[in-house]
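**Student:** Pasting the sequence and the predicted coordinates here, then a few questions.
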Amino acid sequence: MKYFLILVFYFFFSSNVLSNDPYDNDLAGKKLICFVKSESIEDWGMKFLPDNEVILYSMNKLLYEIYKYKRTYRTDLRNIKIINNKDIEFVINRSTLKFRNKKCTLADIEPFILLQRRIDEIKQEKTKKNKI
């Protein structure tokens, strides 16, 4: 009887821990791009995949490099939570699309391509005054 109670207790609490939030939406196929005018603040892109996975791209404007991170996400009524292992790493407000100190927009083009174009724009802007 004791083992039965332990088993019931275990299933009760494990099902509550794994229960879904009614606002945990599947964002597969959605893409966000987050540009900032500052040269010292990274631009970001996000591509939401099936099974609550997301690919994050960050662009270092000083080195002209794009970094790729694979994470998972969950949503609730207000936020998209980007999760690294079991910790919440980033939070995006669903109504304003604010991500850290950046304002994001929905994108139709792959975020990686948009960030590559941004690198080209920054390089052109910085070198347009050069005579040689």
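**Tutor:** Sure, I can see it.

**Student:** Which parts of the protein are helices?
**Tutor:** 2-17, 111-127 (DSSP state H).

**Student:** which stretch in these is the model least sure about?
**Tutor:** Among those, helix 2-17 carries the lowest mean pLDDT, a mean of 48.

**Student:** per-residue confidence averaged over stretch 26-33?
**Tutor:** 95.

**Student:** Check stretch 44-52 too.
**Tutor:** pLDDT averaged over stretch 44-52 gives 96.

**Student:** For it, which outside residues touch it?
**Tutor:** 26-34, 54-59, 72-74, 99, 102, 104, 107, 110-112, 114-115 (Cβ atoms under 8 Å, 6 or more residues apart in numbering). No exception for glycine: its C-beta is placed from N, CA and C like everyone else's.

**Student:** just checking, what's the longest strand in this protein?
**Tutor:** strand 65-75 (DSSP state E).

**Student:** Same question for that one: list its buried residues.
**Tutor:** 66, 71-75 (16 or more other Cβ atoms under 10 Å).

**Student:** helices and strands around it, which ones?
**Tutor:** strand 53-60, strand 79-84, helix 111-127 (3 or more Cβ pairs under 8 Å, 6 or more residues apart in numbering; DSSP states H and E).

**Student:** now the angle between strand 53-60 and the shortest one, please.
**Tutor:** Here the directions of strand 79-84 and strand 53-60 differ by 80 degrees (axes from the mean of the first three to the mean of the last three Cα atoms, to 10 degrees).

**Student:** Strand 79-84 pairs with which strands, and in what direction?
**Tutor:** strand 65-75 (antiparallel), strand 87-93 (antiparallel) (DSSP bridges).
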